[in-house]
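Undergrad: I would like the atomic coordinates for the input below:
(one chain, ligands or ions: 1)
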Amino acid sequence: MIEFRGAGVRTDDGEARTLIHPLTLTLAERRVSVIGGNGSGKSTLLRMINGLLAPSEGSVAVFGEDTRTAGRAVRRAVGFVFTDPLSQLVMPTGREDVELSLRARRLPAAERRPRGEDVLRRFGVAHLADRSIYDLSGGERQILALAVVLAVEPRILVADEPTTLLDLRNDARVRSLIAGLDQQVVFTTHNLDFALESDRTLVVDGGRIVFDGAPADAVALYRELAAAVPDGRP
Ligand SMILES: Nc1ncnc2c1ncn2[C@@H]1O[C@H](COP(=O)(O)OP(=O)(O)OP(=O)(O)O)[C@@H](O)[C@H]1O
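TA: Numbering: from 1, shown residues only. A predicted model of the protein is given here:
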């Protein structure tokens, strides 16, 4: 359960700019997708959910915990997967990274190795566990980053373009994995077929939610918006 209550984001570095206009909404569906053009505000919106970014006005709460005042509880409840896996894989190998997450959750040392192995196997990346993360492909790293975040069983998974770097086979694998998760998942994507697999879709444009509802209607509106973009604008 995620609640935005008049939550907006402004920057004030030199020139004031509104990144997210104040919005009020509750996200309780199992699968929520967020679509929109480059720079529309999707990642900013996602980062507000786990407190990576505090709202400049209003508030965001997860299971009733305010992201600003209960940051620790919120980060525990919300696992966040970044678009760039290297920004979250901090250890030399995947195995060490998974075990580090388990250690941060105070899992006893003797249980970390078998539990980590289980998670890596479940995601089909056990064979990559001891390779340097720098020797892995972008897609391999992305699946590993997902495994590391899910190893600690967050109540909500927030994923910023989790299939962007993946080939067809891995794209299908991650999508079916996400479909099978018990927890709520909120994700951004440029893959409209993936968005159609969600229960609810938000369309973001210029820092505002311009549509919130059925995925098929959202995708149709987004296609219209994209077709209407004037030449010269990205
Ligand atoms: N800390 C910041 N300071 C100033 N501007 C920012 C900051 N963070 C993001 N922006 C701007 O806010 C806008 C929205 O960025 P955001 O990353 O949320 O877009 P996005 O919809 O996720 O885009 P993409 O699809 O390209 O990933 C962009 O114009 C970006 O340059």
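
Undergrad: tell me the contacts of the residue sitting nearest the centre point of the chain?
TA: Taking CA atoms, centre = their mean, the centroid of the chain lies closest to residue 159, which sits 1.6 Å from it. Residues near residue 159 by CB atoms under 8 Å, 6 or more residues apart in numbering: 80, 81, 146, 178, 185, 186, 187, 188. (C-beta placed from N, C-alpha, C; glycine too.)

Undergrad: try residue 146
TA: 81, 123, 159, 162, 174, 177.

Undergrad: check residue 61 too.
TA: Counted by CB under 8 Å, 6+ apart, residue 61 has contacts 2, 3, 5, 67.

Undergrad: can you pull out the helices in the chain?
TA: 42-49, 71-77, 94-104, 109-122, 138-150, 168-180, 192-196, 215-227 (DSSP state H).

Undergrad: these: which one's closest to the ligand?
TA: Closest approach to the ligand among those (CB to the nearest ligand atom): helix 42-49, 3.3 Å.

Undergrad: packing partners of the closest one?
TA: Judged by 3 or more CB pairs under 8 Å, 6 or more residues apart in numbering; DSSP states H and E, helix 42-49 is in contact with strand 2-11, strand 17-27, strand 31-36, strand 57-62, strand 78-81, strand 156-160, strand 184-188, strand 200-205.

Undergrad: and the second one, which strands flank it?
TA: It refers to strand 17-27. strand 2-11 (antiparallel) (DSSP bridges).

Undergrad: residues of the partner strand that come out buried?
TA: Of all the residues in strand 2-11, those buried under the rule 16 or more other CB atoms under 10 Å are 2, 3, 4, 5, 7, 8, 9.

Undergrad: same thing with stretch 151-158?
TA: Per 16+ other CB under 10 Å, stretch 151-158 contains these buried residues: 151, 152, 154, 156, 157, 158.

Undergrad: re earlier: turn the helices and strands packed on helix 42-49 into JSON lines, columns for distance to residue 169 and mean pLDDT.
TA: Below are these laid out as JSON lines (distance: least, CB to CB, whole Å; pLDDT from 0 to 100):
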{"stretch": "strand 2-11", "distance to residue 169": "32", "mean pLDDT": "96"}
{"stretch": "strand 17-27", "distance to residue 169": "30", "mean pLDDT": "95"}
{"stretch": "strand 31-36", "distance to residue 169": "21", "mean pLDDT": "97"}
{"stretch": "strand 57-62", "distance to residue 169": "33", "mean pLDDT": "97"}
{"stretch": "strand 78-81", "distance to residue 169": "19", "mean pLDDT": "95"}
{"stretch": "strand 156-160", "distance to residue 169": "19", "mean pLDDT": "96"}
{"stretch": "strand 184-188", "distance to residue 169": "19", "mean pLDDT": "97"}
{"stretch": "strand 200-205", "distance to residue 169": "25", "mean pLDDT": "97"}
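
Undergrad: so can I have JSON lines of those strands showing distance to the ligand?
TA: Output for these, formatted as JSON lines (distance: least, CB to the nearest ligand atom, whole Å):
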{"stretch": "strand 2-11", "distance to the ligand": "4"}
{"stretch": "strand 17-27", "distance to the ligand": "4"}
{"stretch": "strand 31-36", "distance to the ligand": "5"}
{"stretch": "strand 57-62", "distance to the ligand": "15"}
{"stretch": "strand 78-81", "distance to the ligand": "14"}
{"stretch": "strand 156-160", "distance to the ligand": "7"}
{"stretch": "strand 184-188", "distance to the ligand": "6"}
{"stretch": "strand 200-205", "distance to the ligand": "6"}
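
Undergrad: cool, thanks, signing off.
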